[in-house]
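In: Turn this into a structure:
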Amino acid sequence: TVANGMRPASDGVPKLAVLMSDGVSNSATAAVAEAELLRNAGVTILALQVGSSSASLRAELIDITNNVSLVFTVADFDDLAAEVSEITTALCNVDTAAPTTVSPTTATISPSAPPPSPPPSPPPSP
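Out: Below is the predicted model of the structure:
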């Protein structure tokens with residue numbers, strides 16, 4: 001809430017939360033319900049699946065974010081540091097005006113993935 005330090009919506013600053021998990025929660029139902037409260041308050045949730053290739057954890061994180069493109073996977077916490085740039089880009093490109101919905105794409109970070117290429121430079125002026 002604004003009373004607890006959140007910026008008011010009129011500031012136009014996106015509300016983001018990052019969840020890192022290396023295992024399924026003790027209560028997926030409670031975790032998803034709490035995440036829904038956050039999303040209903042206008043908070044976009046990005047989830048990082050660390051070390052586990054568990055399909056049930058991935059499914060839970062998709063339920064928590066309500067957007068498969070906001071669920072990332074890294075092999076371990078050491079690899080997380082190498083992927084900060086890609087995660088930051090994902091956070092900066094969040095469309096907070098649009099509702100988050102599950103899409104058919106997946107976003108997986110792997111330590112062997114090359115960094116994204118920068119956009120081409122415009123041609124020089126004559």
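In: Residue 36 and residue 20: what is the separation?
Out: 19 Å (Cβ to Cβ, to the nearest Å). To be clear about C-beta, it is placed using only N, CA and C from the backbone, and glycine gets the same treatment.
In: What's the local residue count around residue 72?
Out: By other Cβ atoms under 10 Å, 24 other residues sit near residue 72.
In: Surely it is in a strand?
Out: Yes. Counting by DSSP: H, G, I helix; E, B strand; the rest coil, residue 72 is located in a strand.
In: thinking it is in contact with residue 49, fair?
Out: Yes. Here residue 72 reaches residue 49: they are 6.9 Å apart, a contact under Cβ atoms under 8 Å.
In: what is the mean pLDDT for the lengthiest helix in the chain?
Out: Using DSSP state H, we find that the single longest helix of the chain is helix 28-40. Across helix 28-40, pLDDT averages out at 94.
In: now the helix or strand hosting residue 49 against helix 28-40, angle please.
Out: Using DSSP states H and E, residue 49 maps to strand 43-50. For strand 43-50 against helix 28-40, the angle by axes from the mean of the first three to the mean of the last three Cα atoms, to 10 degrees is 140 degrees.
In: How far off centre is strand 43-50?
Out: Remark: strand 43-50 is offset 4 Å from the chain centroid, using Cα atoms, centre = their mean, to the nearest Å.
In: Mind listing what's buried along that strand?
Out: 44, 45, 46, 47, 48, 49, 50 (16 or more other Cβ atoms under 10 Å).
In: Please apply the same query to stretch 22-40.
Out: 24, 25, 28, 31, 32, 35, 39.
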